[in-house]
Each structure stands twice: as structure tokens, then as C-alpha cells.
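Visitor: Pasted the sequence and its predicted model underneath.
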Amino acid sequence: MAKKIAISVKKGGVGKTTTAKNLAAALALKGHRVLLVDLDEQANATRGLGADPLTLDATLNDLFADPDLDPSSVILQTGVEGLHLMPGHPNLAKTETGMAFQRANPSMPDPIGSLRAILAPLDQAYDFMVFDTPPSIGYMTINALAAADELLIPAAASAYSEDGVKHTLDEYNRAVQAYNPNLKLRGILITRVKRTNAATAVLDGINKSHVDAMLPVAIFESTAVDEAEQLKQPVVVYAPDNPAAMGYLNVANLLVEASR
């Protein structure tokens, strides 16, 4: 049965997609069967692994639209052995709007469980499923939290990150109380760390506010991450000895240990 991990924070520019992609790849490099699910309408995780969502025959959005569609029919192989991709698409934005109308209609099924139902037939095929979510708390993120076993919150060592963390923790608590009582908080992962006074101040503030939730690993900012993005590769593949890659590999070790 796959361990499902949602990567989510209500803020853009924190390295959320980079984190999702690299943790999924790191888990695959360790010999696990991994499915990366791209729930973001920007489809950056999809593009970042070399696929163009606009040219694909089918994507995750088609699975939301047609419950009878075989979910394995949209899954793509990637350049990382053991890592598969359920690609995103810009039309996920329209689907999310439709979910809001559907939730408001008591005669229609609750859309919160849609992703969980989509992934159910694949549960035995993977060891881990990693969800890349939009930088907002809409129905795609809520679907991810409803389907996930664990939530990992990436927080950049930059201004206003703490607000994004707080809003995401509020939604986590709501999820546990309202629609997924088994959801666990895996922790807060500090990303894009620079050796500057400003970054240190932000890091100290997040540490003081959420000391019990902080993961004992940080991801340092590196040009290798940008170079890997340009080449449509995870940095853990492109430059595995780079400090950022080693950080993601260490987080993957934590996830594996926690799943045992």
C-alpha cells in the first residue's frame, strides 16, 4: 500500500514543485516505486520532467472528468528509473471551479474524495505517491490533503514564508477535524536557504513559532538546482553530490524511516 505524501504550502516561490519532484526522484533512486501526482494547473512538475501537458493524450484532469477512465492510462515513465508521473494540465483550474459548484450542491457527490478514488486502483503498484499541489488552498489542495497520509510543508527562508506556513497548518488542522482524521504532519522543510542575515532571521522566526514541526534538514539554494531545471532533471540526478541534492536525499531517508 502506497504511502501518500502531500507537498503543500499556501505561498508561491518557495521551491514546492522542486521539492516534490526531487523527493519523488530521491525515493526512486533508493529503489522505491514512486508516483508523482501533479495537481497544479501550472503543471511545472510535469514540464520539469520533460513532458508538455498540452500535447499529451490524457492527464490527471481527464481522470477527474471521467471516473471510468483507467488511471494507469495517463501515467508516464520518466527519465528516473522507478519514478512515474501522473501529469497535470492547465484545465485543472476549470475542474477546481467545477468542484466548488459541485460542493455547493447537496444532491451531488462530495468532490473532496475524487483524488482518493482515482488513486485507489494504483495503491498496490507503488511504495510512495507524492502530490505536488497549487500554492493555494483550493479544491486541488484539499483533494490532496484528503487522500494523503502525511503533509510536508516547504518554507523558503525568505520574507512572508511564515504566513504561508500558518495558513497551511490551519488547513491541516481543518482537514484532520473535518475530512481526514488520519492525516499526519511530517514536518516543515526549510528550502532556499542562503547564508545571509535576512535568511537567518526568517529561519529563526519559523523555528521559534514551529519548533516541534521542523525537520532536521534544510535545503540550501544552489545554481545546480536551476541548471537541473533547465535540463528537465531533478537535481538529485543531475548533481547528486550538490548540497541541495544531498538535502533532498536526506529528507527521503527520513520519509523511508517513518514509513517502516
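Guide: Ah, there it is.
Visitor: now the helices for the stretch 1-150 of the chain?
Guide: Along the stretch 1-150 of the chain, the stretches classed as helices by DSSP state H, counting those that start in this stretch are 16-29, 44-48, 60-65, 92-104, 114-119, 139-147.
Visitor: Out of those, which one sits most buried?
Guide: helix 16-29 (a mean of 28; mean count of other C-beta atoms under 10 Å). Placement of C-beta: from N, CA and C, glycine included.
Visitor: can you give me the mean pLDDT across that helix?
Guide: Averaged across helix 16-29, pLDDT comes to 97.
Visitor: quick thing: my sequence starts at 443, can you match it?
Guide: Taking 443 as the first residue, the last one we looked at is helix 458-471.
Visitor: where does the stretch 493-642 of the chain dip in pLDDT?
Guide: Under the criterion pLDDT under 70, the flagged ranges of the stretch 493-642 of the chain are 600-602, 637-642.
Visitor: so can I have CSV of the helices of the stretch 443-592 of the chain showing distance to A694?
Guide: Converted to CSV, these look like this (distance: least, C-beta to C-beta, whole Å):
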stretch, distance to A694
helix 458-471, 4
helix 486-490, 16
helix 502-507, 23
helix 534-546, 26
helix 556-561, 20
helix 581-589, 19
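Visitor: So for A700, which of the ones you listed sits nearest?
Guide: helix 458-471 (12.0 Å; C-beta to C-beta).
Visitor: Output the longest strand belonging to this structure.
Guide: The longest strand of the chain (DSSP state E) is strand 626-635.
Visitor: Secondary structure element holding the closest residue to Y680 other than its chain neighbours?
Guide: Excluding its sequence neighbours, the residue lying closest to Y680 (C-beta to C-beta, 6 or more residues apart in numbering) is A670, at 3.8 Å. Using DSSP states H and E, A670 sits in helix 665-672.
Visitor: CA atoms only: put that helix into PDB for me.
Guide: Provided in PDB are the C-alpha atoms of helix 665-672 (Å, rounded to 0.1, in the frame of the first residue of the first chain):
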ATOM      1  CA  THR A 665      22.800  27.200  -9.000                       C
ATOM      2  CA  ALA A 666      22.800  23.400  -9.600                       C
ATOM      3  CA  VAL A 667      19.000  23.400  -8.900                       C
ATOM      4  CA  ASP A 668      18.400  25.900 -11.700                       C
ATOM      5  CA  GLU A 669      20.700  24.100 -14.100                       C
ATOM      6  CA  ALA A 670      18.900  20.900 -13.400                       C
ATOM      7  CA  GLU A 671      15.500  22.600 -14.100                       C
ATOM      8  CA  GLN A 672      16.800  23.900 -17.400                       C
END
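Visitor: I'd like to know how many residues surround the closest residue to T501 other than its chain neighbours.
Guide: Distances taken as C-beta to C-beta, 6+ apart place H531 nearest to T501, at 4.1 Å, with adjacent residues excluded. Neighbourhood size, H531 [other C-beta atoms under 10 Å]: 23.
Visitor: so who does the residue nearest to T460 when sequence neighbours are not counted touch?
Guide: Excluding the flanking residues, the one nearest T460 by C-beta to C-beta, 6+ apart is V667, at 6.3 Å. V667 makes contact with G457, T460, V677, N684, A686, according to C-beta atoms under 8 Å, 6 or more residues apart in numbering.
Visitor: how about 7 Å then?
Guide: For V667, the residues meeting the contact criterion (C-beta atoms under 7 Å, 6 or more residues apart in numbering) are T460, V677, A686.
Visitor: so what does the helix or strand V679 falls within touch, helix or strand wise?
Guide: Using DSSP H and E, V679 sits in helix 677-680. Helices and strands touching helix 677-680, by 3 or more C-beta pairs under 7 Å, 6 or more residues apart in numbering; DSSP states H and E, are helix 458-471, helix 665-672, helix 685-701.
Visitor: Output it as PDB, nothing but the C-alphas.
Guide: Output in PDB follows, covering the C-alpha atoms of helix 677-680 (Å, rounded to 0.1, in the frame of the first residue of the first chain):
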ATOM      1  CA  VAL A 677      18.900  17.900  -9.100                       C
ATOM      2  CA  VAL A 678      19.300  14.600  -7.200                       C
ATOM      3  CA  VAL A 679      20.000  13.100 -10.600                       C
ATOM      4  CA  TYR A 680      21.900  16.000 -12.200                       C
END
